[in-house]
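[1] Let me see the structure of the following:
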Amino acid sequence: MKKTTSELWEILKNSKDIDKYIEENKDEMMDITLAEYLNTLLEEYGISKTEAIKKSNIQQSYGYHLFAGTKANPSRNHILQLAFGMGLSLEDTQRLLRTAGLSELYPRKKFDNIIIFCITNKIQIEECYTILERNGCEFIYKV
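    Prediction:
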């Protein structure tokens, strides 16, 4: 991907032919499923599915369904749990959320601020859970 999202917005807003726009910008499109992206991240981060699921604190069978692509519409919290379990960067977490069709982390929301802080500072999910609780936010997962 070479163009920024802002550049794509401008090109699209000024386009008179959607087919031409799509053809000229096909390399900029995210044509990857959630399962494909999750498996790509496993390779990039050098982590196994089993380890990612365990560190995510999600149910094992649910996690395997996500990686297999047989679970549709996962919750935002489950995707965030996977981001923690895989030790993803903030940029990869945001792309994972987008790929899942979910809203990105937004720094004007207290919950999202805490998640951004924890991901950026490589804080483990259990400690993040404590910080969320201390600040009166909903929990990523329940123990």
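[2] use CA for all of it now, contacts and neighbours both
    OK.
[3] Over to L80: give its phi and psi.
    Note on L80: backbone dihedrals following degrees, to the nearest 10 are phi -60, psi -40.
[4] pLDDT score for it?
    Looking at L80, its pLDDT is 96.
[5] what about it, how many neighbours?
    Neighbour count of L80, defined by other C-alpha atoms under 10 Å: 23.
[6] Do I have it right that it meets T93?
    Yes. Contact status for L80 versus T93: in contact at 7.4 Å, counting by C-alpha atoms under 8 Å.
[7] Report the separation between the residue positioned nearest the centre of the chain and L12.
    By C-alpha atoms, centre = their mean, the chain has its centre lying nearest to L96, at 2.5 Å. Per C-alpha to C-alpha, to the nearest Å, L96 is found 23 Å from L12.
[8] picking up where we left off before, now the residue nearest to the centre of the chain: which helix or strand?
    helix 90-99 (DSSP states H and E).
[9] Brilliant, that's me finished.
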